[in-house]
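A.B. asks: take a look and give me a structure for this.
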Amino acid sequence: MSKSDDSFVEYGIEDQPPLGTSLLLGVQHYLTMVGANIAVPLILAGALGMPDEIIPRFVGTFFVVSGVATLAQTTFGNRYPIVQGAPFSMLAPALAVVGVVTATDPSGPAWQTALLQLQGAIIAAALAEVVVGYFGLLGKLRSFLSPVVIAPTIALIGLSLFNTPQVTSATTNVPLLALTLLLIVLFSQYIDTAHRVFQLFPVLLGIVVAYAFAGVLSAVGVYAPGTSGYVDFAAILSAPAFMPIYPLQWGFAGGPNTATVALPFVGSVAFGIPQFTSSFVVGMLAGVAASMIESLGDYHAVARLSGVGAPSEKRINHGIGMEGIMNVFSGLMGGSGSTSYSENIGAIGLTGVASRYVVQVGAAVMLLVGFVGYFGQLVATIPDPIVGGLYIAMFGQIVAVGLSNLKYVDLDSSRNIFVVGVALFVGLAVPTYMTNVGSAQAFQEGMAAVAYLGPILGTQVVSNTVFVIGSTGMAVGGLFAFVLDNTIEGTREERGLNEWEESAEADEDFASAYDRFVRDDDSPTRAD
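C.D. replies: As a prediction, the model looks like this:
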């Protein structure tokens, strides 16, 4: 099949490849996001001051949460083939919570006290996301979302990582990054027709070959410990074989906010009780809001790459609602939230594998290996330059997918060009400004100094909300595009709404979990 055809999808959403093939394809989907799903817990662990012996279990928790959340979303939520993982949009308020708690000299280990406060903030904020989803609040915006809004929003998902340290660090191993990118391009674009394995597994092959190359050079001493590209095999062997991971796991015997329960066949188990502080909850709400906007763009991106119509209001609502439920689950487990991941959407574009079944198989694998310390440590040893090569290939694909939505609009229209251009620019500029400010606390101090409005803008609630949303490129660009597109005069045909709605999915085309598992099969309103 030609890659210029809309039929490029090798396995559609409903297709089920053989189990062995699905296993490899599912692992490939997950390997595209391991860098981000490990980066978040490692960043949090460093901010928390978490002991080294706890970190492997902390990382494993994120894989378990990812596996459960992906299975739940693909089965009961929006049913798109999107992997769920730890969101960067919720990392900024999480770090703010950790910073405030650890600075107060809490009783007991500071990392444990801060983590329990973080759990409470995530659980409470996630309940608001459940309401937004299942009450249909976000889905109602669908009629106001034209391709002029969606195009820059999706493009900014890809552009958000153009300056990530794995890509642009001055100390990165450029030859290893270039090798990874070259291998993925070679397998997916040049020799994909030579053998089916190259067409289906370009990302997996690229990672394996590049990792083997880095491992050999590390073993013979070309890459020294501590340098970019070094593979630490000793760390893999030192990891624990099995890690117990369960809800409310971050308590300890005799510690504050801990309940000790005697369980049959297990003995006494200490459960950490999440703590709820209103200011932390409000700050986390900003992260949840940014996550929802990002997910909305992800839904449109995966639909386009999977060869189906734009998501219906019903599918959007079920997706956001399930993300809220899984955020509650993540909070109970001691993670930092869960959201749709853009990484595996880029993999769909490279491989043509959009099968929901494949993603579910991969999620089951991640759920199981999350309890195995060796696996988490093995993934953690993938050098940053390899991850950087993956980012360039996959996120560049997402940028192009976003811009491809402009085929529906009138590109001779000056208002359309203006809206898209401004949205892209501010979507890059504002997060860069927030990065230069440094932290939520520094931003709050600056807002408090604003003349006349300082007492309002400088409150923690307002400043944290602006800082978190302003740090998320797709949220900033999407909001700008939304406001401009719906306030500047333009016809429906000019904005691409007519053709867009003709190709979009109708609500009756989406079968929710209730439709499939509860409603009577003979019901005339049941969606097939």
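
A.B. asks: point to the residue nearest the middle of the protein.
C.D. replies: Centroid-nearest residue in the chain: Tyr341, 3.1 Å away (criterion: Cα atoms, centre = their mean).

A.B. asks: for that one, phi and psi?
C.D. replies: Phi and psi for Tyr341, reported as degrees, to the nearest 10, are phi -100, psi 130.

A.B. asks: then Val461?
C.D. replies: Per-residue torsions, Val461: phi -60, psi -50 (degrees, to the nearest 10).

A.B. asks: phi, psi for Tyr11 please.
C.D. replies: Tyr11 adopts backbone torsions of phi -130, psi 120, taken as degrees, to the nearest 10.

A.B. asks: can you pull the contacts of it?
C.D. replies: 17, 25, 352-355, 358 (Cβ atoms under 8 Å, 6 or more residues apart in numbering). Every C-beta, even on glycine, is put in place using the N, C-alpha and C of the backbone.

A.B. asks: still on that earlier bit, right, and the residue nearest to the centre of the chain touches Val34 too?
C.D. replies: No. Counting by Cβ atoms under 8 Å, Tyr341 sits too far from Val34 to count as a contact (10.5 Å).

A.B. asks: any idea which helix or strand comes after the longest helix along the chain?
C.D. replies: Using DSSP state H, we find that the single longest helix of the chain is helix 278-305. Next in sequence after helix 278-305, counting helices and strands by DSSP states H and E, comes helix 313-333.

A.B. asks: could I get the buried residue list for the host helix or strand of Leu183?
C.D. replies: In this assignment (DSSP H and E), Leu183 forms part of helix 174-185. By neighbour count on 16 or more other Cβ atoms under 10 Å, the buried set for helix 174-185 is 176-177, 179-181, 183-185.

A.B. asks: would CSV of those with pLDDT and distance to Val387 be doable?
C.D. replies: Below are the buried residues of helix 174-185 laid out as CSV (pLDDT from 0 to 100; distance: Cβ to Cβ, whole Å):
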residue, pLDDT, distance to Val387
Leu176, 97, 10
Leu177, 96, 9
Leu179, 97, 13
Thr180, 95, 8
Leu181, 95, 11
Leu183, 95, 14
Ile184, 92, 12
Val185, 93, 16
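
A.B. asks: closest to Val461 out of those residues?
C.D. replies: Lowest distance from Val461 to the buried residues of helix 174-185 (Cβ to Cβ) belongs to Leu177, with 41.2 Å.

A.B. asks: closest one of the contacts of Tyr11 to Pro106?
C.D. replies: The closest of the contacts of Tyr11, once distances to Pro106 are taken by Cβ to Cβ, is Val358, at 44.6 Å.

A.B. asks: related to what we said a few turns ago, who touches the residue nearest to the centre of the chain in this structure?
C.D. replies: Counting by Cβ under 8 Å, 6+ apart, Tyr341 makes contact with 33, 36-37, 82-85, 298.

A.B. asks: which pLDDT does the model give it?
C.D. replies: Looking at Tyr341, its pLDDT is 85.

A.B. asks: quickly note the distance from it to Phe329.
C.D. replies: From Tyr341 across to Phe329, the span is 16 Å (Cβ to Cβ, to the nearest Å).

A.B. asks: got it, and Gly335?
C.D. replies: Distance, Gly335 to Phe329, by Cβ to Cβ: 8 Å.

A.B. asks: can you pull the contacts of Ala513?
C.D. replies: 75-77, 318.

A.B. asks: let's go with 10 Å and repeat that
C.D. replies: Neighbouring residues of Ala513 by Cβ atoms under 10 Å, 6 or more residues apart in numbering: 72, 75-77, 79, 318, 322.

A.B. asks: and these, which of them are in helices?
C.D. replies: Those of the contacts of Ala513 lying in helices (DSSP H): 72, 75-76, 318, 322.

A.B. asks: if we can go back for a sec, among the contacts of Ala513, which one sits closest to Gly267?
C.D. replies: The shortest approach to Gly267 among the contacts of Ala513 belongs to Ala72, at 30.9 Å (Cβ to Cβ).

A.B. asks: circling back to that earlier point, which residues do Gly335 and Phe329 both contact?
C.D. replies: In contact with both Gly335 and Phe329: 64-65, 69, 122, using Cβ under 10 Å, 6+ apart.

A.B. asks: I'd like the next helix or strand past the helix holding Leu183.
C.D. replies: helix 196-200.
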